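J.: Got a sequence here, can you model it:
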Amino acid sequence: MAYLTGITPVNARIMLHLYEKNRIIEHHGLASVNYDEVNHRFRLLFTSGEVLHATTLIDATGYRYKPDPNSVKPMLLDNLAQTGLITAKPYGGIHLTDHYQVIDKHGKVHENLFCIGPIANYNHPVPTPHSSFMAYRDADLVIEKFASTFNTIENRVTNSNTECFQ
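T.: A predicted model of the protein is given here:
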């Protein structure tokens, strides 16, 4: 039996693992996101006026099938679509590699920007019950590619960059 869920067990496992390893910080009130092409980092502006920089972003704002660059109240995916960092497919979903890395409006693959979950798996005009589930093989691809972006010694992360999610 399949059913729609806000977060799949696979995605929950990924998030929990990163959270337990202190690789994720939670921060609310995201106002805008810009990407620094030179330093390969995201610049995050919050409604409080605070600015943070991160190498990786995780959007935990809910269940979506397609970003809306014309949204009146844009969320992270909408902001990324407005700047061209992500591009929506005509019937939902966004353009990604087989490792779930984002492909921008110029066709460039962003090695530090991943998208998993419904929007990554969806490209049908009508939602299907299985569209929110990501295969375990695909989760392993994401974890493997994501882990390769960090310097590790004996499974201990030595890169001090933090990740943020809204």
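J.: which regions of the protein lie under the pLDDT threshold?
T.: 1-8, 58-65, 69, 72-74, 117-118, 121-141, 151-166 (pLDDT under 70).
J.: and with 90 instead?
T.: Per-residue confidence of the chain (counting by pLDDT under 90) places the weak regions at 1-46, 54-83, 85-102, 110-166.
J.: ok, Thr47 - contacts?
T.: 29-31 (Cβ atoms under 8 Å, 6 or more residues apart in numbering). In this view, the C-beta of every residue, glycine as well, is placed from N, C-alpha and C.
J.: would you list every one of the strands in the chain?
T.: Chain-ordered strands for the chain, with DSSP state E as the definition, fall at 24-26, 30-36, 41-46, 51-54, 56-58, 101-103, 109-114, 152-153, 156-157, 163-165.
J.: Could you look over those and pick the most buried one?
T.: Of the strands of the chain, the one with the most neighbours on average (mean count of other Cβ atoms under 10 Å) is strand 56-58, at a mean of 22.
J.: returning to that earlier point: what would the contacts of Thr47 look like in TSV with distance to Lys66?
T.: Formatted as TSV, these follow (distance: Cβ to Cβ, whole Å):
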residue	distance to Lys66
Gly29	24
Leu30	19
Ala31	22
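J.: ok, back up a step: I'd like the strands of the chain laid out as TSV, including distance to Thr87.
T.: Converted to TSV, the strands of the chain look like this (distance: least, Cβ to Cβ, whole Å):
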stretch	distance to Thr87
strand 24-26	26
strand 30-36	14
strand 41-46	17
strand 51-54	21
strand 56-58	16
strand 101-103	7
strand 109-114	12
strand 152-153	32
strand 156-157	31
strand 163-165	21
